[in-house]
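Student: I'd like to go over a predicted model; first the sequence, then the structure.
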Amino acid sequence: MNRVICIDGPAASGKSTVSKLIAEMSGIKYVDSGALYRIATWQALEAGIDTNDAEAVAKFITGLKVDFVVKGNRVAYEVNGEEPGDKIRTPEINKHVSPVSAVPEVRTIVTKWLRDMRSVGDIVVEGRDIGSVVYPDSPYRFYLDADAETRTARRYKEDIQKGFIQNADQVKASLLNRDKIDSSRKTAPLKIPEGAIVIDTTPLTAEQVAAKIIELSK
Ligand code: DC
């Protein structure tokens, strides 16, 4: 059975950076579950769906086609033959992704996609419910956290690099709002999976966190 390393945690807790490093350092494939919820949100918005209309979102997701392609040490996602890139990382998508990902039908479909990805080999999967819902039987489950100031500073730096103009207060408000919706939704809320190892990444570098997880996943 292929190994699955599960990395959960709130927005900007270091999940992506750490998961990509784990893939690079240990030669396994990186799977970004949040990108699937972002793709569903992006496509729904493109189709003119009201993201607060759960019924319309549920209907839309059943017809959405996403292709999975292994590229180097990651599983890439293509819609109509193209990777969406930073189109799914805008403040607009950030605003709409939590209501979309709270729709149970969306979660059922994305969970199935994520479980199917185990067939490509050993994987490291980052998200909000990977160790609690998608792969609860994996022996390698981790929950990353960091204080709100550190998370804001990290996300602010990333946003500036992407050319999104927001001030630090807006970034912090958006992060905390997403945490609130993600933690309080009925289906698969963000929580520490039972038995998962919790790592506070505030004082650590991404390399230190990745090395620790690799060591604990042998
Ligand atoms: O990790 P991210 O910021 O790209 O995730 C975007 C959103 O997707 C996040 O606000 C909540 C949702 N998400 C989720 O509900 N479950 C996951 N496994 C991953 C992401």
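Tutor: The structure has been received and is ready for your questions.

Student: Who does residue 7 form a beta bridge with?
Tutor: residue 126, residue 142 (DSSP bridges).

Student: who touches residue 104 in this structure?
Tutor: For residue 104, the contact set (CB atoms under 8 Å, 6 or more residues apart in numbering) comprises 58, 186-187. For glycine as for every other residue, the C-beta is placed from the backbone atoms N, C-alpha and C.

Student: at 6 Å what do you get?
Tutor: Applying CB atoms under 6 Å, 6 or more residues apart in numbering to residue 104 gives the contacts residue 187.

Student: do you know how far it is from the ligand?
Tutor: 11 Å (CB to the nearest ligand atom, to the nearest Å).

Student: which of the residues in whichever helix in the chain runs longest are buried?
Tutor: Counting residues, the longest helix found in the chain (DSSP state H) is helix 168-184. Buried residues in helix 168-184, counting neighbours by 16 or more other CB atoms under 10 Å, are found at 171-172, 174-175, 178-179, 181-182.

Student: Who are the packing partners of that helix?
Tutor: helix 91-101, helix 148-162 (3 or more CB pairs under 6 Å, 6 or more residues apart in numbering; DSSP states H and E).

Student: quick one: which of those is nearest the ligand?
Tutor: Proximity to the ligand, assessed across the helices and strands packed on helix 168-184 by CB to the nearest ligand atom, is greatest for helix 91-101 (3.7 Å).

Student: Please work out the angle formed by the directions of that closest one and helix 168-184.
Tutor: Interaxial angle, helix 91-101 versus helix 168-184 (axes from the mean of the first three to the mean of the last three CA atoms, to 10 degrees): 10 degrees.

Student: okay, the angle between helix 91-101 and helix 148-162?
Tutor: 120 degrees.

Student: Relative to the whole chain's centre, how far out is helix 91-101?
Tutor: 12 Å (CA atoms, centre = their mean, to the nearest Å).

Student: quick one: average confidence on it?
Tutor: The average pLDDT within helix 91-101 is 93.

Student: Distance of residue 217 relative to residue 131?
Tutor: Noted for residue 217: a distance of 12 Å to residue 131, by CB to CB, to the nearest Å.

Student: same question but for residue 215, I mixed them up
Tutor: Relative to residue 131, residue 215 is positioned 18 Å away (CB to CB).

Student: Just want to know which of those two has more residues nearby.
Tutor: It is residue 131, of residue 215 and residue 131, that has more neighbours when counted by other CB atoms under 10 Å, with 28 against 8.

Student: distance of the more buried one from residue 203?
Tutor: 23 Å.

Student: Now do residue 190: how many residues are near it, please.
Tutor: So residue 190, with other CB under 10 Å, has 21 neighbours.
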